[in-house]
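Trainee: Test case, fold it:
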Amino acid sequence: MGRLLKCICENCGYKETSIFLGPGKTPGGGNFFPACNFNNQKVVHLDISDVIVMDNSLRFYLDIGKIADFEQNGIVPYFTKHLFKKSPFYWRDKKICPKPTHLQARFNYCPKCKEYKLRFDVDGFFD
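Mentor: Model prediction:
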C-alpha cells in the first residue's frame, strides 16, 4: 500500500493533492515518487521502478543513468539534491522517506515561485 501526499508552498500558496509515494498493491503497478515537472511547473508523481536497482535483498541503489533520462525530459525526482535544502535543525525535521530515495517534509523546491518553501504531508493511502 502506498501513501497519498499533498504539497503546499508556504511562500506562494501553490498546492497539489493526490501525489503517489511508494508501491500500490496492484501487481506491476509501479513504485511512485514525487517529482518536479519543469515543463509545466507542477509537482507530479513519477514511476521510479526502473531507477531502484536491488543489489541483494538488503541493499539497493539508484541508477544514475535512468535519473538523467528523467532530467532530460524535464522531470526531476525530489530525492535529487538540488530540489531540497536541509534546515539548520535537519536532525529534528520529519523525513517522509529515508535514503537513498530521500523525501523530507519541508524545505523542498516550489516549481511556481522557485523558493525552497514547499511542504509535503501524508494525506492518505492508495492501493
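Trainee: mind listing what the closest residue in space to residue 101 that isn't next to it in sequence touches?
Mentor: Distance criterion CB to CB, 6 or more residues apart in numbering; nearest residue to residue 101, sequence neighbours excluded, is residue 79 at 4.8 Å. Backbone N, C-alpha and C define where each C-beta goes, glycine included. Counting by CB atoms under 8 Å, 6 or more residues apart in numbering, residue 79 makes contact with 33, 62, 97, 100-103.
Trainee: three-state assignment of the nearest residue to residue 115 once chain neighbours are set aside?
Mentor: Counting by CB to CB, 6+ apart, the nearest residue to residue 115 once its immediate chain neighbours are dropped is residue 11, at 4.7 Å. Here residue 11 is recorded as coil under DSSP: H, G, I helix; E, B strand; the rest coil.
Trainee: Please tell me I have it right and residue 116 contacts residue 86.
Mentor: No. Residue 116 is not in contact with residue 86 according to CB atoms under 8 Å; the separation is 9.9 Å.
Trainee: if you count what's nearby, which of these two comes out ahead?
Mentor: Neighbour totals were compared for residue 116 and residue 86, and residue 116 leads with 18 against 12 (other CB atoms under 10 Å).
Trainee: Using the three-state scheme, assign the more buried one.
Mentor: Going by three-state DSSP: residue 116 is coil.
Trainee: Excluding covalently adjacent residues, which one is nearest to it?
Mentor: Per CB to CB, 6+ apart, closest to residue 116 is residue 85, 4.6 Å.
Trainee: what helix or strand is residue 29 on?
Mentor: For residue 29, there is no helix or strand it lies in under DSSP states H and E.
Trainee: Without its sequence neighbours, what residue ends up closest to it?
Mentor: residue 23 is the one closest to residue 29 (CB to CB, 6+ apart), at 6.7 Å.
Trainee: Could you do residue 44 as well?
Mentor: residue 37 (4.9 Å).
Trainee: what's the pLDDT at the one you found?
Mentor: On pLDDT, residue 37 comes in at 97.
Trainee: So what sits opposite it in the bridge?
Mentor: residue 42, residue 75 (DSSP bridges).
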